[in-house]
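[1] This is a predicted model, with the sequence first.
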Amino acid sequence: MQHHIVPATPENIVHAAKIIRAGGLVAMPTETVYGLGANAYDSSAVASIFAAKNRPTFNPLISHIADIDFLPQYAETDARVMALAEHFWPGPLTFVLRRKDLSPALDLASAGLPTVSVRMPNHPVALSLIRQAGVPIVAPSANRSQSISPTTALHVWESLGPRVDLILDGGACSVGVESTIIDVTTDKIVMLRAGGIPLETLESFLGETVLISQGNPDLPTSPGQMLRHYAPEHPLRIHATAPMEDEFYIAFGPTKERFELNLSPRGDLTEAATHLFDYLHKADAQRSYPKIALAPIPEEGLGRAINDRIRRAAYRR
Ligand code: AMP
Ligand code: MG
């Protein structure tokens, strides 16, 4: 049953925009991962995102916009934020800002916080869908809560099935990990989640250091409860320099070990990020090995985002 998946043609995007305006859920491709989108101003549509994903309602959603000029209407901005937006948008950078739009319809999407998170995705399908819907689209990753994020339309279908009204197929995601989230409401910028824009890139643009949040970016209001996330069904061992006999091994870089998949044979972190979730999906779908092991990834550039995801994927209560 794949009739929910349609190619992202102009006609299908028009149709998808109508679904958004009518309060439905559309899975859309972005450069990071597939998003499960709804009209930010429609509380019952937003509520159905939480229900479809089985996501706790205290975990706020990112608003996706298609136009920088819309940002100052939606949230409190300043020169620093606008400079960052001009430079990094469209792209995998999300700002946490003080809310300006106080309409109650946005309360659910922002989990009742006085802040709102916003980004402009770098994907023609997502941008066209947002423009045609004419509203900000709130979209978490289009998968069941805590499971592996989707980087293809089929991943979305496998995780959510008919809970989504329509899945726009725009091919595989080019970045492959979620956006970098920064809190810009205080003097010092704080990174809440490592993601598609490396910390080093932000710091060199800003000419200042960015703090790394000690709290849990998945739960701004109740830290420390969602250590498990992005998780496969098979037990996962990380920082594994070699596989055990019963492990499906995902390597990184040149290796003499036996491996099933290699995130990047030449040791390129950008390439590894693109493959990460897809390979976790593949490792989880196979039945030859009861366990999964993953090679060490350097803690620099996109490696930070990758390590953040695999730490949570490997977490067992
Ligand atoms: P997801 O959409 O599933 O990739 O997750 C979105 C992430 O953004 C979650 O970790 C949220 O906790 C975080 N987030 C969204 N809005 C806010 C906000 N206003 N303040 C802090 N974190 C936020
Ligand atoms: Mg997610």
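    That came through, no problem. Ligands and ions are numbered 1, 2, ... in the order given.
[2] Quick check: buried residues in the helix or strand encompassing residue 275?
    Applying DSSP states H and E as the criterion places residue 275 in helix 269-285. Of the residues in helix 269-285, 269, 271-284 count as buried by neighbour count, 16 or more other Cβ atoms under 10 Å. Using the backbone N, CA and C atoms, a C-beta is placed for each residue, glycine as well.
[3] neighbouring contacts of the next helix or strand after that helix?
    The first helix or strand that comes after helix 269-285 along the chain, using DSSP H and E, is strand 291-294. If you take Cβ atoms under 8 Å, 6 or more residues apart in numbering as the criterion, strand 291-294 is touched by 232, 234-240, 243-244, 246-250, 252, 280, 283-284, 310, 314.
[4] Any of these buried? List them.
    Among the contacts of strand 291-294, those scoring as buried are 232, 234, 236, 238, 240, 243, 247-250, 252, 280, 283-284, 310, 314 (criterion: 16+ other Cβ under 10 Å).
[5] what's the offset of the helix holding residue 275 from the middle of its chain?
    Its chain's C-alpha centre lies 14 Å from the corresponding centre of helix 269-285 when counted by Cα atoms, centre = their mean, to the nearest Å.
[6] what packs against that helix?
    Counting contacts by 3 or more Cβ pairs under 8 Å, 6 or more residues apart in numbering; DSSP states H and E, the secondary-structure elements packed against helix 269-285 are helix 153-160, strand 247-251, strand 261-262, strand 291-294, helix 303-314.
[7] 7 Å instead, please
    Contact here means 3 or more Cβ pairs under 7 Å, 6 or more residues apart in numbering; DSSP states H and E; on that basis helix 269-285 packs against strand 247-251, helix 303-314.
[8] In CSV: the ones you listed, plus distance to ligand 1 and mean pLDDT.
    Rendered in CSV, the data for the helices and strands packed on helix 269-285 read as follows (distance: least, Cβ to the nearest ligand atom, whole Å; pLDDT from 0 to 100):
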stretch, distance to ligand 1, mean pLDDT
strand 247-251, 22, 98
helix 303-314, 11, 95
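[9] of those, which approaches residue 189 most closely?
    Distance to residue 189, taken as Cβ to Cβ, is lowest for helix 303-314 among the helices and strands packed on helix 269-285, at 15.4 Å.
[10] Show me what the closest one is in contact with.
    Identification of contacts with helix 303-314 by Cβ atoms under 7 Å, 6 or more residues apart in numbering yields 177, 194-196, 198-199, 227-232, 236-238, 269, 272-273, 276, 280, 294, 297, 299.
[11] how about 8 Å then?
    Contact with helix 303-314 is made by 148-149, 177-178, 180, 193-196, 198-199, 226-232, 236-238, 269, 272-273, 276-277, 280, 294, 297, 299, as judged by Cβ under 8 Å, 6+ apart.
[12] Where does pLDDT dip in the stretch 151-300 of the chain?
    Low-confidence segments of the stretch 151-300 of the chain, defined by pLDDT under 70, are located at 215-226.
[13] Pull out the buried positions in the helix or strand that contains residue 45.
    In this assignment (DSSP H and E), residue 45 forms part of helix 43-53. Buried residues in helix 43-53, counting neighbours by 16+ other Cβ under 10 Å, are found at 43, 45-46, 48-50, 52-53.
[14] Next up, the contacts around the residue minimising distance to the centre of the chain.
    Among the residues of the chain, the one closest to the centroid is residue 178, at 3.1 Å (Cα atoms, centre = their mean). Residue 178 makes contact with 32-33, 92, 141, 149, 193, 195-196, 305, according to Cβ under 8 Å, 6+ apart.
[15] ok, the nearest residue to residue 38 once chain neighbours are set aside to ligand 1 distance?
    Nearest residue to residue 38 in three dimensions, chain neighbours excluded: residue 45, at 4.0 Å (Cβ to Cβ, 6 or more residues apart in numbering). Computed with Cβ to the nearest ligand atom, to the nearest Å, the distance linking residue 45 and ligand 1 is 16 Å.
[16] likewise residue 191?
    Applying Cβ to the nearest ligand atom to residue 191 and ligand 1 gives a distance of 11 Å.
[17] tell me which element that residue is part of?
    strand 190-193.
[18] quick one, phi psi at the closest residue to residue 140 other than its chain neighbours?
    Among residues not flanking residue 140 along the chain, residue 61 sits closest, at 5.4 Å (Cβ to Cβ, 6+ apart). The phi and psi torsions at residue 61 (degrees, to the nearest 10) take the values phi -110, psi 150.
[19] isn't residue 61 right next to residue 46, touching?
    Yes: proximity of residue 61 to residue 46 meets the contact threshold set by Cβ atoms under 8 Å, at 7.1 Å.
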